[in-house]
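[1] pasting a predicted model and its sequence here:
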Amino acid sequence: MILASVLALPVMAATAVVLAALRRRRGMPVRIAWWRSVAEVGAVAGTLPWIWMILTPREAPRRVHLTPFRDLLAQLSDPGTAVVQIGGNLAVFAALGFFAPIRWPALAGPGRLFVAGAVGSTLVELAQYAFDLGRVSSVDDVLVNAAGATLAGFLSRRWWGEGADRMICVC
């Protein structure tokens with residue numbers, strides 16, 4: 001997944017350049033065109049590889065865990081598992097959490113980012129179950145994915161003003 005993401009960097013950069021150029025043709029100011037284009041490409045390119053990995057079928061029965069913190073406590077009993085599982089779940093919607101408030105100022109704020117991450121994660125967990133992918137659909141995954149979106153959003157907070165205060169809706 002990391003290798004594929006690195007190899008896709010030129011495509012992502014080219015996509016941002018093309019999007020910014022198209023926005024400039026429609027009269028959008030240069031700064032706004034670039035912020036929006038980079039934020040959109042970053043959110044999509046940083047989230048899709050994780051979703052692809054999560055929706056890859058496994059040879060196992062599907063399971064559902066609806067008791068909050070059950071999986072987290074089990075994962076914490078093994079440090080190696082905790083790092084991989086919790087770290088991975090924090091990363092799933094991190095790019096979305098980082099870039100969304102820059103691109104869509106209405107999502108700026110920890111509560112809104114948490115809800116956006118939770119909604120996205122719930123859809124992924126439902127897809128895992130509905131498509132019988134041999135994975136565990138867990139409420140803990142939803143909570144940790146949403147926390148990852150929120151925490152990553154805080155990392156981009158200094159740029160929220162670029163969207164919220166200065167972006168004019170010239171769509």
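    Sure, I can see it.
[2] next one: D132 relative to E59, how far apart?
    12 Å (C-beta to C-beta, to the nearest Å). For glycine as for every other residue, the C-beta is placed from the backbone atoms N, C-alpha and C.
[3] pick out whichever of the two has more residues nearby.
    D132 (10 against 5; other C-beta atoms under 10 Å).
[4] which residues touch the more buried one?
    With contacts defined as C-beta atoms under 8 Å, 6 or more residues apart in numbering, D132 is in contact with R62.
[5] can you check the one 10 residues further on too?
    Remark: with contacts taken as C-beta under 8 Å, 6+ apart, V142 is in contact with A118, S121, T122, E125.
[6] what packs against the longest helix along the chain?
    Longest helix in the chain by number of residues (criterion: DSSP state H): helix 30-54. Packed against helix 30-54 by the contact rule (3 or more C-beta pairs under 8 Å, 6 or more residues apart in numbering; DSSP states H and E) you find helix 2-7, helix 9-25, helix 79-92, helix 94-103, helix 110-130, helix 157-164.
[7] could you pull out the buried residues of it?
    32-43, 45-47, 49-50, 54 (16 or more other C-beta atoms under 10 Å).
[8] average model confidence for it?
    The average pLDDT for helix 30-54 rounds to 94.
[9] that helix to helix 94-103, inter-axis angle?
    160 degrees (axes from the mean of the first three to the mean of the last three C-alpha atoms, to 10 degrees).
[10] distance from the chain centre to helix 30-54, please.
    Computed by C-alpha atoms, centre = their mean, to the nearest Å, the chain-centroid distance of helix 30-54 equals 9 Å.
[11] report the angle between that helix and helix 110-130.
    Using the same axes, to 10 degrees: helix 30-54 against helix 110-130 is 30 degrees.
[12] helix 30-54: what's the following helix or strand?
    For helix 30-54, the succeeding helix or strand toward the C-terminus, using DSSP states H and E, is strand 63-65.
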